[in-house]
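S.K.: Sequence first, predicted coordinates after that:
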Number of protein chains: 2
Amino acid sequence: MALNKEKVRRKIIDTGHALIAQGGSEALQARIIAKQVGISVGSIYNLVGDIDALHRLINSELLDELGMVGSGTIEELDQNDVKDLRTRLLALAHAYFKFVEQHQNQWTALLAFNRNSTSAETPDWYMVRLEMLFDIISDNLKDTPLGDDPEKCKIAARALWSSVHGIVTNSFVGRDDAILKSSTLAQIDLLITVFVKGLHADQS
Amino acid sequence: MALNKEKVRRKIIDTGHALIAQGGSEALQARIIAKQVGISVGSIYNLVGDIDALHRLINSELLDELGMVGSGTIEELDQNDVKDLRTRLLALAHAYFKFVEQHQNQWTALLAFNRNSTSAETPDWYMVRLEMLFDIISDNLKDTPLGDDPEKCKIAARALWSSVHGIVTNSFVGRDDAILKSSTLAQIDLLITVFVKGLHADQS
């Protein structure tokens, strides 16, 4: 019985993922999910809560997926013994770009959802997931002159994250796909290259 | 007669600005504007076109306003004979932050509108306004090692724009206002400081 509930709950969440992927957050509707899963709207509320709660669940799974993409990238860099900071940060940025490309509707929906939520509505486990993403970046800054100052490392990690995020999301605006991609990669490359140079110039 | 039409047209646009400022893009509705201006819905369509056309008009005026904020900032820096690149870029970034703070709903609506538009729908005069904003930044990079390469200057200007944009917009997410502001300013400061150092390190 309990197993079955868990199965249905999983089905609801998976259907939600698919609906947002196809049509953005407006497509996430209890009525449609109920029909596709073959249950009543009431069952959705019982098993996952209201649509906002479901969207929050979907977003947290999306952040988990991004987290795994980040850890996977770091693992690969470590296995290949890549120590160069610029190369490491570029690999992370490209992984993020690819992730957003592959999850464009879901990511836009997550960002809009966050914009429309107040801090009181944002649960701690959600912020923890965000912090974990920042940690993936700040871990890489330990061997730079910023490394002695954990607070500055944190600020730098957030700044780099948001910068790459800004470049990537701005690029998905009214432009031809090929131009878009090369321009985005050029901007990411320039930003990270100059930033890493600046970090080491700090030492002198 | 023509003058009167222009007056009503202006009133429609101003009412649209106010509606978005109050309630975001969902609040931009022909029915409400017609009621507030005291005209028929048909008159709105005759004078400015459909809601998308009106929103595009509002957005272009918003970009004009941001452009004036940018030019004003540069003018002030020049009048005070501020030549230091870091100081100049920080002043532009802070001006952008303040602008977004003051126009939060309008800016969010503009970004969402752009995300939902295809390149075919984005008129040239709209892109020209964006280019002018990038030019304000790239003009400042002329005396750096990037200055010899106009293409790189352009990429750097876009990267800086998007980076500050990413930091500013990410900061408006689920957080206490005071922490938010100081964290955002710290990120902007660190990013620009390290970036400018990196630009000059390029020379060696």
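M.R.: Nice, I can see it.

S.K.: contacting residues for the nearest residue to residue A:152 once chain neighbours are set aside?
M.R.: Once flanking residues are discounted, residue A:152 sits nearest to residue A:146: 4.9 Å by CB to CB, 6 or more residues apart in numbering or on different chains. Every C-beta, even on glycine, is put in place using the N, C-alpha and C of the backbone. Counting by CB atoms under 8 Å, 6 or more residues apart in numbering or on different chains, residue A:146 makes contact with A:152, A:153, A:156, A:199, A:202.

S.K.: Which of those ranks first by neighbour count?
M.R.: residue A:156 (25 neighbours; other CB atoms under 10 Å in any protein chain shown).

S.K.: Quick check: the gap between that residue and residue B:198.
M.R.: Look at residue A:156 and residue B:198: by CB to CB, to the nearest Å, they are 13 Å apart.

S.K.: which residues do those two both contact?
M.R.: residue A:199.

S.K.: which of the contacts of residue A:146 sit farthest apart?
M.R.: A:153 and A:202 (12.6 Å; CB to CB).

S.K.: how far is the longest helix seen in chain A from where the chain is centred?
M.R.: Among the segments of chain A that qualify as a helix by DSSP state H, the longest is helix A:51-79. Here helix A:51-79 is found 6 Å from its chain centre; the criterion is CA atoms, centre = their mean, to the nearest Å.

S.K.: what about the helices in chain A?
M.R.: A:2-23, A:30-37, A:41-48, A:51-79, A:85-102, A:104-116, A:124-138, A:150-171, A:177-201.

S.K.: name the helices or strands packed onto the second one?
M.R.: Applying 3 or more CB pairs under 8 Å, 6 or more residues apart in numbering or on different chains; DSSP states H and E, we find helix A:30-37 packed against helix A:2-23, helix A:41-48.

S.K.: Throw those into CSV and include distance to chain B, thanks.
M.R.: CSV is the format used below for those (distance: least, CB to the nearest CB, whole Å):
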stretch, distance to chain B
helix A:2-23, 12
helix A:41-48, 21
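
S.K.: Residue A:147: neighbour count?
M.R.: When neighbours are counted by other CB under 10 Å, residue A:147 registers 14.

S.K.: Might you report the residue contacts of it?
M.R.: Applying CB under 8 Å, 6+ apart, the residues near residue A:147 are A:141, A:153.

S.K.: Residue of chain A closest to chain B, please.
M.R.: Chain B sits closest to residue A:166 of chain A, with a gap of 2.2 Å, by CB to the nearest CB.

S.K.: If anything else comes up later, I'll come back, but that's it for now.
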